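Asker: model the following, please.
(one chain, ligands or ions: 2)
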Amino acid sequence: MDCEERYRRLFADAPIGIFQATPDGRLLTVNAAHARIFGYASPEEEIASVGHVGEEHWADPEKFRQTIEAVLAKGHVAAVETNFVRKDGSFLVGNLHLQALRHSDGSVACLAGFVEDVTERKRAEQEQEKLRDRLIHARKMQAVGTLAGGIAHDFNNMLTVILGYTELLMESTREGTPEYADLQKILETARNGADLVKSLLAFSRQDDSRPQKVNLNRRIEQVRKLVSKSLPKMISIDLDLAENLAPIHADPGQIDQLLVNLSENASEAMPEGGKLIIQTRNVPHAEQLCRNHPGVEPGDYVLIRMSDTGSGMDEHIAERIFDPFFTSKARDSRKGTGLGLAIVQGVVQQHCGCIECHSEAGKGTTFSIYLPAMKRPERTAAPKRPDAQARPTRTILLVDDEEYVRDLAKRALLAAGYTVLEAANGIQAVHVYRKKQESIALVILDLIMPEMGGKRCLEELVKINPDVKVLVMTGFAADQVDDELKRTVKGFLTKPLEMRRLVEEVDNTVGCGNRGPQAGWSDRSRLTGS
Ligand code: ADP
Ligand code: MG
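Answerer: Ligands and ions are numbered 1, 2, ... in the order given. Below is the predicted model of the structure:
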């Protein structure tokens, strides 16, 4: 084998594409790998079929022109990542090295180049990048969740106190007076605060979620009523609700929150007025959905679609809308917290659903939310409560280190006819219980207290009386509490504590349920949580 033959083999058998071409884009020679990369059966076929490399091989002929210019000026270009087109029209990403071969007088003889097909590698890299982004996103969510959980405990205690005392004051103030109106404002603001904590927790998934059978159409009708009141006249909300819509298993408060957040965004995107259409549909066997959203289980779904005729958004904004604290609105306005859609996404994920957004700047936005339809029929006939007339005459031991919270709960329980013993920490509680266990019907126990916390206190109480009845008060959701605790206690009260719920829960646990609302702790339906 002579020298020239060896070089020819090197060229012909090289695993990367090698070619020679004229500066005006005509192929002179290509090797087998080059033909293969571009989808031709042989080098001969490729050379015969390609008239102009720039127009037929390059996805962007302008880039071809610039590259040739650069090669002629500098002598070579190295590692240019370029989108090429195969014979069948499909795209590939090539890594290109190109140099000008010159005659001894300096004139260009031809261009010689190497092309490596890096399509697969690029795809893998992009996949990796996406995964990394998802991981970073998940970590960020976790951090915000931890933060939210951390504040919730203290914040909920404060809100319990503010809400409770305001309610107390309102009872001794005549309706219609300016003082009453002022108190009402405090109450409203504190409730907004409670809603904000609730939102943060919903988003961080530490919320006290109470899933039940939910009729979406009904929730939508209610939320429309509520939202309509605060909407400018030029905005209308039209409903297009499916008959026989399957129920879902969901937390009604969280679903309301989702609907409100999306409606608010829509209305804020239509400052000049417009229309919001809310649709519902049954989506049986959502196979396509599972293909588009890995992780979504196959099955029957219910679709909520909210379309507005508002400003829409461009790609840059659309990419980030679900990020917590991302907002395109003025930060100082009350609108732009950037939590709205993060919460919506949190709620959707918590309900094992998925969300899609289609939007075009100037043309409006559509959010589609898919939630799993409920499978099993609900059990009917709630268990009967004990005798409606029974009056509780028993004693409650109330354990909480927060004096104001304790004071409030005590007043509510006294008003409901209970006798109340108090303890400010676990040690006191154990002491009182040891002395008076005969008369104590129920212990209400805060979890986080200095000296002896709720959990240790509970262990001590169980030692004294294995059948001790305990309700635990906590700023966290019941599913955040460990299993051992759950087995021992009769129930959980989550903060901020609504006094009416406290009394109800105590009634049920002590066995004096269904006494109707207590005078003084009047019923009120709230947007969230009711
Ligand atoms: P915020 O409303 O506090 O800005 P959100 O999380 O609710 O936070 O929304 C994030 C961003 O998504 C908004 O600032 C806005 O840019 C965009 N967005 C959400 N919904 C719509 C909509 N219906 N039309 C146009 N843009 C929207
Ligand atoms: Mg919003």
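Asker: going forward, measure contacts between C-alpha atoms and count neighbours the same way
Answerer: Noted.
Asker: what residues does the stretch 301-450 of the chain put near ligand 2?
Answerer: Counting by C-alpha under 5 Å from the ion, the residues of the stretch 301-450 of the chain close to ligand 2 are residue 340.
Asker: helices of the stretch 301-450 of the chain, start to end?
Answerer: Along the stretch 301-450 of the chain, the stretches classed as helices by DSSP state H, counting those that start in this stretch are 315-318, 340-350, 403-415, 426-436.
Asker: the longest one: which residues count as buried?
Answerer: Of the residues in helix 403-415, those with enough neighbours to count as buried (16 or more other C-alpha atoms under 10 Å) are 404-413.
Asker: same thing with the second one?
Answerer: Neighbour counts using 16+ other C-alpha under 10 Å place 340-350 of helix 340-350 among the buried residues.
Asker: and the shortest one, by the same measure?
Answerer: Within helix 315-318, no residue counts as buried by 16+ other C-alpha under 10 Å.
Asker: for that helix, C-alpha coordinates in CSV please.
Answerer: Taking Å, rounded to 0.1, in the frame of the first residue of the first chain, the C-alpha atoms of helix 315-318 are listed here in CSV:
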residue,chain,number,x,y,z
GLU,A,315,-42.4,34.2,25.8
HIS,A,316,-40.0,35.7,28.3
ILE,A,317,-42.8,36.3,30.8
ALA,A,318,-44.7,33.1,30.0
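Asker: for it, which helices and strands make contact with it?
Answerer: Contacts defined by 3 or more C-alpha pairs under 8 Å, 6 or more residues apart in numbering; DSSP states H and E place helix 315-318 against no helix or strand at all.
Asker: cool, the second one as well?
Answerer: Contacts of helix 340-350 with other secondary structure elements, assessed using 3+ C-alpha pairs under 8 Å, 6+ apart, are made with helix 178-204, helix 252-268, strand 354-360.
Asker: CA atoms only: put that helix into CSV for me.
Answerer: Output of helix 340-350 as CSV, limited to C-alpha atoms (Å, rounded to 0.1, in the frame of the first residue of the first chain):
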residue,chain,number,x,y,z
GLY,A,340,-50.7,33.9,42.7
LEU,A,341,-49.7,31.4,40.0
ALA,A,342,-47.1,29.7,42.3
ILE,A,343,-50.0,28.9,44.6
VAL,A,344,-52.2,27.8,41.7
GLN,A,345,-49.5,25.4,40.6
GLY,A,346,-49.0,24.2,44.1
VAL,A,347,-52.7,23.4,44.4
VAL,A,348,-52.8,21.7,41.1
GLN,A,349,-49.8,19.5,42.0
GLN,A,350,-51.3,18.7,45.4
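Asker: the strand ranked longest in the chain pairs with which strands?
Answerer: In terms of residue count, the longest strand belonging to the chain (DSSP state E) is strand 91-102. Applying DSSP bridges to the sheet, strand 91-102 is found paired with strand 76-85 (antiparallel), strand 108-117 (antiparallel).
Asker: rewinding a little: farthest-separated two in the buried residues of helix 403-415?
Answerer: The widest separation within the buried residues of helix 403-415, taken as C-alpha to C-alpha, falls between 404 and 413 and amounts to 14.2 Å.
Asker: what residues does the helix or strand of the chain with the lowest mean pLDDT touch?
Answerer: Of all helical and strand segments in the chain, the minimum by mean pLDDT, DSSP states H and E falls on helix 483-488, at a mean of 74. Helix 483-488 has contacts (C-alpha atoms under 8 Å, 6 or more residues apart in numbering) with 455, 470.
Asker: would you mark the buried spots in that helix?
Answerer: Across helix 483-488, burial judged by 16+ other C-alpha under 10 Å covers residue 488.
Asker: re the thing from before, so which of the buried residues of helix 340-350 also contact ligand 1?
Answerer: Among those, the ones lying near ligand 1 by C-alpha under 6 Å from any ligand atom are 340-342.
Asker: residues from the stretch 251-400 of the chain in reach of ligand 1?
Answerer: Residues of the stretch 251-400 of the chain lying near ligand 1 (C-alpha under 6 Å from any ligand atom): 265-266, 269, 310-313, 321, 326-329, 335-342, 365.
Asker: just the buried subset of these, please.
Answerer: Buried members of these, scored by 16+ other C-alpha under 10 Å, are 265-266, 269, 310-313, 321, 326-327, 336-342, 365.
Asker: any stretches of this structure with poor pLDDT?
Answerer: 134, 138, 141-142, 149, 153, 199-209, 331-336, 376-393, 475-482, 512-530 (pLDDT under 70).
Asker: who in it is up against ligand 1?
Answerer: So the chain meets ligand 1 at 265-266, 269, 310-313, 321, 326-329, 335-342, 365 (C-alpha under 6 Å from any ligand atom).
Asker: next step: those restricted to strands.
Answerer: For the residues of the chain next to ligand 1, membership in strands holds for residue 365, with DSSP E as the criterion.
Asker: quickly note the distance from the residue most central in space within the chain to residue 219.
Answerer: For the chain, the residue nearest the mean C-alpha position is residue 346 (2.3 Å; C-alpha atoms, centre = their mean). Going from residue 346 to residue 219 by C-alpha to C-alpha, to the nearest Å gives 19 Å.
Asker: picking that back up, closest to residue 245 out of the helices and strands packed on helix 340-350?
Answerer: helix 252-268 (15.5 Å).
Asker: tell me which other helices or strands that closest one touches.
Answerer: Packed against helix 252-268 by the contact rule (3+ C-alpha pairs under 8 Å, 6+ apart) you find helix 216-229, strand 274-283, strand 301-308, helix 340-350.
Asker: how about a cut-off of 7 Å?
Answerer: Judged by 3 or more C-alpha pairs under 7 Å, 6 or more residues apart in numbering; DSSP states H and E, helix 252-268 is in contact with helix 216-229, helix 340-350.
Asker: next, format those as CSV and append distance to residue 460.
Answerer: Shown next, in CSV, are the helices and strands packed on helix 252-268 (distance: least, C-alpha to C-alpha, whole Å):
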stretch, distance to residue 460
helix 216-229, 45
helix 340-350, 36
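Asker: which parts of whichever strand or helix holds residue 9 are buried?
Answerer: Mapping residue 9 onto the secondary structure by DSSP states H and E places it in helix 3-13. Across helix 3-13, burial judged by 16+ other C-alpha under 10 Å covers 11-12.
Asker: same check, this time on stretch 291-298
Answerer: 296-297.
Asker: could you report the neighbour count for residue 287?
Answerer: Residues lying near residue 287 (other C-alpha atoms under 10 Å) number 15.
Asker: what residues are up against it?
Answerer: Taking C-alpha atoms under 7 Å, 6 or more residues apart in numbering as the criterion, residue 287 is in contact with residue 298.
Asker: distance of it relative to ligand 1?
Answerer: 27 Å (C-alpha to the nearest ligand atom, to the nearest Å).
Asker: the chain should start at 17 in everything you say after this.
Answerer: Sure, I'll start numbering at 17, so the last one becomes residue 303.
Asker: measure that residue to residue 315 for me?
Answerer: Separation of residue 303 from residue 315 (C-alpha to C-alpha): 8 Å.
Asker: do the same with residue 485
Answerer: Residue 485 is 42 Å from residue 315, by C-alpha to C-alpha.
Asker: likewise for residue 82?
Answerer: Residue 82 is 53 Å from residue 315, by C-alpha to C-alpha.
Asker: who has more neighbours, the two?
Answerer: Neighbour totals were compared for residue 82 and residue 315, and residue 315 leads with 15 against 11 (other C-alpha under 10 Å).
Asker: before we move on, what SS does the more buried one have?
Answerer: coil (DSSP: H, G, I helix; E, B strand; the rest coil).
Asker: go ahead and confirm it touches residue 299.
Answerer: No - here residue 315 does not reach residue 299: they are 8.9 Å apart, not a contact under C-alpha atoms under 7 Å.
Asker: now the residue in the chain that ligand 2 sits nearest to. Nearest residue, chain neighbours left out?
Answerer: For the chain, the nearest residue to ligand 2 under the criterion C-alpha to the ion is residue 356, separated by 4.2 Å. Leaving out its chain neighbours, the residue that sits closest to residue 356 by C-alpha to C-alpha, 6 or more residues apart in numbering is residue 277, at 5.4 Å.
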